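In: What follows is a predicted structure for the sequence shown.
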Amino acid sequence: MLTYNLKEGTGPLYMRLYWHIREDIRSGAIPSGSRLPSKRTLAEHLDVSVITVDGAYKCLVDEGYAVSRERSGYFAAKLGAVSVNAEVPDYTPVVDVPAEPGRDLGFRYSALTKIMREVITDYGEKLLLKPPAFGCAELRNAIAAFLRRYRGMRVEPARVIVGSGAEYLYGMLAQLFGRDRLFALEDPGYEKIRLVYASCGAKYELLPLDGDGISSAALASSSADILHVTPYHSYPTGITASASKRREYLDWAERGGGIIIEDDFDSEFSPSRKPQEPLFSMDRGGRVIYLNTFSHSLAPSMRMGYMVLPEGLLRDYSERLGFYSCPVPAFDQYVLARFIDRGHFERHLNRVRRRLRTEEK
């Protein structure tokens, strides 16, 4: 029987239980294919509610760590060997403001406009100064703290690089790796990824998708050096890679010395109880570049994105591309930093996720 101390840690009880079971599945303490205790049995054993166990099991299924079989129960999924590069995430939710009846659950401007006025008053003529090459410290700190709270990622602000949207960052990565490296892209996939790499003169090949991500056979036979994937929501297919498939991507990188660009498009809007665990947090060898943008999660006009480089690539990036000026105005960076720090961004995401869960019912 599974025995855990759920009194330790922070956040909802079901998330603490989820994390314990997930780690036992990943470490092999719970063998792949083995049956998990029934919800009622485990609830009685741990002295928690059945709802708590149900929430944990649903998260495990959402993440691909467990499978549910009708009339048979829940079973541990088959995974490869895993080493963890993540802390126990603090899933304590930001206190949300209930949506008023009849109001739009989308982006709210009142908080943003208030912060804009504050930034103009507080920073004054400093807003006329050119921001640091990698982005303002305030925004890089806010992004690192957000990723820790919301995605369970250990990120040093020094490894965060701010750019004017995902497309700009694609171009910077194409320059970083040069024309002698081969990129592998999802097929079908987001067309602008291919167009940006092509315009930069980068070589690429297209790997077909199956129902779980990139075809295993295509990945195994690929001679690419860099794998660009959108594991949460591949566009336009909507495919989400399971935990097993994500482990396969990491094994590919570790065996061949490759690099993975994790384009975490749309993950903030996961209707499940927590966003999918990123490849970055599963990585054990510093082979994953994490990339995301606010253009989709806030507004298309907000041309801001960011990437988190592995420690081993940070020096190369600084030496080769550190001469570039940050293309995002300092004013925009200061505003977004305060918007994130004060919890407005997470409240916005929580509102949208609640709406998505309601629409799914």
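Out: Perfect, thanks for sending it. Residues are numbered from 1 along each chain as shown.

In: So residue 290, which state does it fall into?
Out: Following DSSP: H, G, I helix; E, B strand; the rest coil, the label given to residue 290 is strand.

In: quick one, what contacts residue 73?
Out: 35-36, 38 (CB atoms under 8 Å, 6 or more residues apart in numbering). Using the backbone N, CA and C atoms, a C-beta is placed for each residue, glycine as well.

In: measure the nearest residue to residue 314 once chain neighbours are set aside to residue 318 for me?
Out: Nearest non-adjacent residue to residue 314, counting by CB to CB, 6 or more residues apart in numbering: residue 159, 5.8 Å away. The gap separating residue 159 from residue 318 is 11 Å, by CB to CB, to the nearest Å.

In: For the residue nearest to residue 314, give its distance to residue 288.
Out: Applying CB to CB to residue 159 and residue 288 gives a distance of 12 Å.

In: Identify, by residue count, the longest strand of this protein.
Out: Ranked by number of residues, the top strand in the chain under DSSP state E is strand 203-210.

In: how about the residue lying closest to residue 334 once chain neighbours are set aside, secondary structure?
Out: Distances taken as CB to CB, 6+ apart put residue 119 closest to residue 334, at 4.7 Å, once the chain neighbours are dropped. Classification of residue 119 by three-state DSSP places it in helix.

In: I'd like to check which residues are in contact with residue 119.
Out: Going by CB under 8 Å, 6+ apart, residue 119 touches 127, 331, 334-335, 338.

In: Return the subset of these lying in helices.
Out: 331, 334-335, 338 (DSSP state H).

In: Can you select the buried ones among those residues for me in PyMOL?
Out: Selection of buried members from the ones in helices among the contacts of residue 119 for PyMOL, criterion 16 or more other CB atoms under 10 Å:
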select buried, resi 331+334+335+338
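
In: Nearest to residue 51 among the ones in helices among the contacts of residue 119?
Out: Using CB to CB, residue 338 comes nearest to residue 51 of these, at 36.6 Å.

In: I figured the closest one hits residue 115, correct?
Out: Yes. Residue 338 is within contact range of residue 115, at 4.8 Å (criterion: CB atoms under 8 Å).

In: Which SSE is immediately downstream of whatever helix or strand residue 144 lives in?
Out: If you go by DSSP states H and E, residue 144 is part of helix 137-151. The helix or strand immediately downstream of helix 137-151 is strand 160-163, counting by DSSP H and E.

In: Out of the contacts of residue 73, grab the one that's most surrounded.
Out: When neighbours are counted by other CB atoms under 10 Å, residue 36 leads the contacts of residue 73 with 23 neighbours.

In: And the spatially closest residue to that one that is not a sequence neighbour, its phi and psi?
Out: Spatially, and ignoring its direct neighbours in sequence, residue 36 is nearest to residue 74 (4.3 Å; CB to CB, 6+ apart). Residue 74 adopts backbone torsions of phi -110, psi 140, taken as degrees, to the nearest 10.

In: How many residues are close by residue 220?
Out: Neighbours of residue 220 under the rule other CB under 10 Å: 10.

In: could you list every residue that touches it?
Out: Contacts of residue 220 by CB under 8 Å, 6+ apart are residue 252.

In: how much space between it and residue 228?
Out: In terms of CB to CB, residue 220 sits 17 Å off from residue 228.

In: Surely the residue nearest to residue 36 and residue 59 touch.
Out: No. Counting by CB under 8 Å, residue 74 stays clear of residue 59, with 11.4 Å between them.

In: Which parts of the chain belong to which domain?
Out: Domain ranges of the chain: 13-76, 110-360, per automatic domain parsing.

In: could I get those as CSV with distance to residue 1?
Out: CSV is the format used below for the domains of the chain (distance: least, CB to CB, whole Å):
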stretch, distance to residue 1
domain 13-76, 5
domain 110-360, 24
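
In: Ok, which of the ones you listed comes nearest residue 3?
Out: domain 13-76 (7.4 Å).

In: I'd like the average pLDDT over the closest one.
Out: For domain 13-76, the mean pLDDT works out to 87.

In: How about stretch 168-176?
Out: Rounded mean pLDDT across stretch 168-176 is 96.

In: Name the surrounding residues that touch that stretch.
Out: With contacts defined as CB under 8 Å, 6+ apart, stretch 168-176 is touched by 161, 163, 183, 192-193, 196-197, 199-202, 261, 289, 291, 305-307, 313, 316-317, 320-321, 324, 327.

In: one more time with 6 Å
Out: 163, 196-197, 200, 202, 291, 305, 307, 317 (CB atoms under 6 Å, 6 or more residues apart in numbering).

In: re earlier: so the residue nearest to residue 334 versus residue 333, what's the distance?
Out: From residue 119 to residue 333 the distance is 10 Å (CB to CB).

In: Just checking the distance from the lengthiest helix in the chain to the centre of its chain.
Out: If you go by DSSP H, the chain has its longest helix at helix 344-360. Per CA atoms, centre = their mean, to the nearest Å, the displacement of helix 344-360 from the mean C-alpha position of its chain is 16 Å.

In: Output the contacting helices and strands for that helix.
Out: If you count contacts as 3 or more CB pairs under 6 Å, 6 or more residues apart in numbering; DSSP states H and E, helix 344-360 packs onto no helix or strand.

In: Show me what counts as buried in that helix.
Out: Of the residues in helix 344-360, those buried by neighbour count under the rule 16+ other CB under 10 Å are 344-353, 355.

In: Take it, keep the C-alpha atoms, and write them as CSV.
Out: C-alpha atoms of helix 344-360 as CSV (Å, rounded to 0.1, in the frame of the first residue of the first chain):
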residue,chain,number,x,y,z
HIS,A,344,-2.7,39.6,-12.3
PHE,A,345,-1.2,37.3,-14.9
GLU,A,346,-2.0,34.2,-13.0
ARG,A,347,-5.5,35.4,-12.1
HIS,A,348,-6.1,36.0,-15.8
LEU,A,349,-4.8,32.5,-16.7
ASN,A,350,-7.0,30.9,-13.9
ARG,A,351,-10.1,32.7,-15.3
VAL,A,352,-9.5,31.4,-18.8
ARG,A,353,-8.8,27.9,-17.5
ARG,A,354,-12.0,27.8,-15.5
ARG,A,355,-13.9,28.9,-18.6
LEU,A,356,-12.3,26.2,-20.7
ARG,A,357,-13.2,23.5,-18.1
THR,A,358,-16.8,24.8,-18.1
GLU,A,359,-16.9,24.7,-21.9
GLU,A,360,-15.6,21.1,-21.9
